[in-house]
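Participant: Here is my input, please return the structure:
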Amino acid sequence: MDGSFDVVEDGGAADLNGQLAVDVRQVDASEDYFARYGRYTPNVYFQNSSASPDFPTAARVASSFYQQSTGRPVEGVMALDPIALGALVDVGGPVNIPTLGRTFTGEELSRFLLVDLYTLDEPTQDEVFAEAIEGAVDGLTDGALPGPGALADAMGDVAAQGRLVMWSSIPDEESFFANLGIDGALPPNEGQDFMFVGLANAAPNKIDTYIEREVSYDATFNPVSGRIVSEATVVLTNTAQLDLPPVVLGNESGLAVGTADTYVSLYTPLLMEQLEIDGVEVGVELQSEGGWRIWSTPVRIPAGQSVTLRWTLAGQLDPGDYRFTWRPQPLVIPPTLQLNARFAGVPAPDEGLERSGTAAEGFSAILRWAGPE
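Facilitator: Presented below is the predicted three-dimensional model:
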C-alpha cells in the first residue's frame, strides 16, 4: 500500500442488488441486528446496509454484501454525506460536473446534491453523483493539499458530526479510526445515561432534508441509589414546501403529498413508562442494539406541521456522578438540545447539568457528586 487512492470503479446500489440470488446472500450481522433491521431486507437491498446508527455494524453488512455480490474482498468502508463531500471539495478545489456543464464549490455542490439533484431523472442523478465523487478525489490527489492543521480545520466539523466515518477489517486500523473519533460506533453501555434519537424514512422519499428536530431531556438522579427518572421530548417539524419534486414529496403509503412517514427511535439505557404523541398515549416497539434499549414508533408529519413525542422513563444507572452521553443523527438540519439534569434525594448544590443550543456534535457531560456530607 503506497498511501495513494483513486476511483477505479463506481456504481449504484442497483448494480449490486441483482448480482446474487436473494436466498444465497447472507450479510454479516448479529441476531439483534436482524431482529431490528431484518424487515428492511439488508441481504436484498444494498442501500439498506446503512440502517444501523452503529457504523462498524453497518460497514460489516455493506462489506459482506459487496463481497458476496462481486467476489471481491473488502478491507475498508467509508461513508460520507453530501455535506462532508462538499467539505472535501473545499479542500481540493472546485469540481467540474461535465453532465451539467458547471463547476461547483463545496457549498454549492452540497446544496445541489441535497436539493436540486432531484429535479433530474434518475440516470442523470447517478452520473452527477459519480462525477462529483471522482472530481473530489481528483482534487485531493492532483492538487497541493493544505497542511495537517488546515486539513483538520476543514474536515473536523463534518467528522465530529458523524458525516464522515470509516471502518477497517484490520484491527489496528479500526483502532486508529476509533482514536480519531471517526469510527461512527455507538458508545458502550457503561452505566451512564445516553440519548440518541433516530429517524428512519419509511416513505421512501427524500423529505429527510426538510425535517427539524428540537430535543429536550430532563433528568432527576439519585447518586446514592442510582435511581433516575427522566422525560425525553422530541418535536419534529416538516418544513418541506409543496412545490418540491415528487421524489422528495411522494410516498408509497397513500398519504397526502409532502407527508413525512418516519419511524422514530429513542436509544436509552432506561425503561419506558409511557410514550405520548401530541398528548395521546401510543403503543411502542421495544428492541435493543449495542447494549441499549430502543423505544420506537411510527410517526407521520404533514408538510408544514409539527408532531411532539414525549417519553417518560425511569431506571438504574451507576451510583455516584451523573454521566450523560449525547449522540446526534447527522441529518441535514442539525438538531437542538435542551438538557437539564439534577440530583435528588441527597443534599446537593443548586446548580445542575444544563446545556442548550444546537447539538450537531456528540458529547459527554458529567454532574459531579461530592459524596455524603
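Participant: From Y267, how far out is A35?
Facilitator: As defined by C-beta to C-beta, to the nearest Å, A35 lies at a distance of 15 Å from Y267. Backbone N, C-alpha and C define where each C-beta goes, glycine included.
Participant: between the two, who's got more neighbours?
Facilitator: Counted by other C-beta atoms under 10 Å, A35 and Y267 do not tie: Y267 has more neighbours, with 23 against 12.
Participant: neighbours of the closest residue to D278 other than its chain neighbours, just the number please.
Facilitator: Closest residue in space to D278, ignoring its immediate chain neighbours: T308 at 5.6 Å, by C-beta to C-beta, 6 or more residues apart in numbering. T308: 14 surrounding residues under other C-beta under 10 Å.
Participant: And T308, how close does it get to L236?
Facilitator: The gap separating T308 from L236 is 8 Å, by C-beta to C-beta.
Participant: And for I170?
Facilitator: In terms of C-beta to C-beta, I170 sits 39 Å off from L236.
Participant: Ok, E273 next?
Facilitator: Separation of E273 from L236 (C-beta to C-beta): 21 Å.
Participant: which one of these two has more residues nearby?
Facilitator: Between E273 and L236, L236 has the larger neighbour count (other C-beta under 10 Å), namely 22 against 12.
Participant: Is the residue nearest to the more buried one when sequence neighbours are not counted in a helix, a strand, or coil?
Facilitator: With C-beta to C-beta, 6+ apart as the criterion, L236 has its nearest non-adjacent residue at 5.2 Å, and that residue is V307. Under the three-state scheme (DSSP: H, G, I helix; E, B strand; the rest coil), V307 adopts strand.
Participant: Surely V307 is in contact with T297?
Facilitator: No. Shown here, V307 and T297 do not form a contact pair, counting by C-beta atoms under 8 Å, at 10.6 Å.
Participant: anything in contact with each of the two?
Facilitator: Here V307 and T297 have I277 as joint contacts, going by C-beta atoms under 8 Å, 6 or more residues apart in numbering.
Participant: mind showing which ranges of this protein have poor pLDDT?
Facilitator: 1-6, 19-24, 143-145, 348-350, 373 (pLDDT under 70).
Participant: Helices of that one, residue ranges please.
Facilitator: 14-17, 31-37, 55-70, 82-92, 106-114, 122-142, 148-160, 171-180, 246-249 (DSSP state H).
Participant: Give me the neighbour count for the nearest residue to Q47 once chain neighbours are set aside.
Facilitator: If the residues on either side of it in the chain are set aside, Q47 comes closest to A13, at 4.1 Å by C-beta to C-beta, 6+ apart. A13 has 12 neighbours, counted by other C-beta under 10 Å.
Participant: Name all residues that make contact with A13.
Facilitator: Contact partners of A13, counting by C-beta under 8 Å, 6+ apart, are Y45, F46, Q47.
Participant: that older thread, okay, now the residue nearest to L236: neighbour count?
Facilitator: Other residues lying near V307 total 18 when counted by other C-beta under 10 Å.
Participant: any idea how far D278 is from it?
Facilitator: Noted for V307: a distance of 6 Å to D278, by C-beta to C-beta.
Participant: just A79 next, same as before
Facilitator: 34 Å.
Participant: now the most centrally placed residue in the chain: how far from P53?
Facilitator: Nearest to the geometric centre of the chain sits Q329, at 3.5 Å (C-alpha atoms, centre = their mean). Using C-beta to C-beta, one obtains 7 Å as the distance from Q329 to P53.
Participant: any residues in contact with both of these two?
Facilitator: F196, G198.
Participant: quick one, phi psi at D54?
Facilitator: phi -90, psi 100 (degrees, to the nearest 10).
Participant: pretty sure it contacts D183?
Facilitator: No. With contact defined as C-beta under 8 Å, D54 does not reach D183; the gap is 9.5 Å.
Participant: Spit out the contact partners of the nearest residue to Y210 once chain neighbours are set aside.
Facilitator: Nearest non-adjacent residue to Y210, counting by C-beta to C-beta, 6+ apart: A240, 4.0 Å away. Contacts for A240 (C-beta under 8 Å, 6+ apart) come out as I207, Y210, V248, L249, G258, A260, A303, G304.
Participant: change it to 7 Å
Facilitator: With contact taken as C-beta atoms under 7 Å, 6 or more residues apart in numbering, A240 is in contact with I207, Y210, V248, L249, G258, A303.
Participant: Over to I97?
Facilitator: Contact analysis of I97 by C-beta under 7 Å, 6+ apart lists F104, V128, E131, A132, G135.
Participant: Need these in TSV (columns: neighbour count and distance to L120).
Facilitator: Shown next, in TSV, are the contacts of I97 (neighbours: other C-beta atoms under 10 Å; distance: C-beta to C-beta, whole Å):
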residue	neighbour count	distance to L120
F104	21	15
V128	21	7
E131	17	12
A132	26	13
G135	24	17
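Participant: quick one: the closest residue to E134 other than its chain neighbours and L140, what's the gap?
Facilitator: Spatial nearest neighbour of E134, excluding adjacent residues (C-beta to C-beta, 6+ apart): V7 at 4.8 Å. Distance from V7 to L140, counting by C-beta to C-beta: 11 Å.
Participant: again, but for L337
Facilitator: For L337, the distance to L140 - C-beta to C-beta - is 34 Å.
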